[in-house]
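Visitor: Sharing a model prediction with you, sequence too.
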Amino acid sequence: MAADGFIRQQFVQRLYVEHHGWLNGWLRRHLQCSQRAADLAQDTFVRVLTRETQDLSAIREPRAYLRTIAKGLLINHWRRRQIEQAYLDALALQPEPLAASPEEQALIVETLLQIDAMLDRLPHKVRRAFLMSQLQGMTYSAIAAELEVSERMVKKYMAQAMLHCLMLLDDDA
């Protein structure tokens, strides 16, 4: 088992030496920020190193493999920035006494990211129905018209979303 770990580490080291510069440049072009590109390049190699189920010797196109992992990290990065910016925009509209401390802001952003990830696991129409109800205050009949489904189906979507939320709360407890 230890020999497999050593071989794996050697493979990742060779992958790093041969492709880190290219990956860093690719990320820099997409991010327009050399520091963030360097961070995501490192995160990409950490992800490769920690994927124990992957047979690295089966990789025939290392750059395509690294680009796929880096794209996922880029999507997560952009999604996080979008959520943080939306929160900061909403916070800027609040009167000064209601402004949260930096620690509270970090906790709120982290919670928003968890909610976003939870919603992302729901089927598309279930997620839309839930968001229309909870964020826009739409009635079930209005949601049904918008989604072109019956009101009964909207009730099923809402029950599914609520059950999903409860199951996640149970997992955290």
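Guide: The structure has been received and is ready for your questions. Residues are numbered from 1 along each chain as shown.
Visitor: wait, residue 56 sits on residue 12?
Guide: Yes - using Cβ atoms under 8 Å, residue 56 is in contact with residue 12, at 7.1 Å. C-beta: built from backbone N, CA, C; applies to glycine.
Visitor: Overlap of the contact sets of those two?
Guide: Here residue 56 and residue 12 have residue 48 as joint contacts, going by Cβ atoms under 8 Å, 6 or more residues apart in numbering.
Visitor: Tell me how this structure divides into domains.
Guide: 1-101, 121-173 (automatic domain parsing).
Visitor: any chance of the ones you listed in CSV, plus mean pLDDT, mean neighbour count and distance to residue 107?
Guide: Listed next are those as CSV, based on pLDDT from 0 to 100; neighbours: other Cβ atoms under 10 Å; distance: least, Cβ to Cβ, whole Å:
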stretch, mean pLDDT, mean neighbour count, distance to residue 107
domain 1-101, 84, 14, 8
domain 121-173, 87, 14, 14
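Visitor: Now tabulate these in JSON lines and tack on distance to residue 112.
Guide: Below are these laid out as JSON lines (distance: least, Cβ to Cβ, whole Å):
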{"stretch": "domain 1-101", "distance to residue 112": "5"}
{"stretch": "domain 121-173", "distance to residue 112": "13"}
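Visitor: so which of those comes closest to residue 109?
Guide: domain 1-101 (5.2 Å; Cβ to Cβ).
Visitor: can you give me the helices for this protein?
Guide: 2-31, 34-50, 62-92, 102-120, 124-134, 140-147, 151-172 (DSSP state H).
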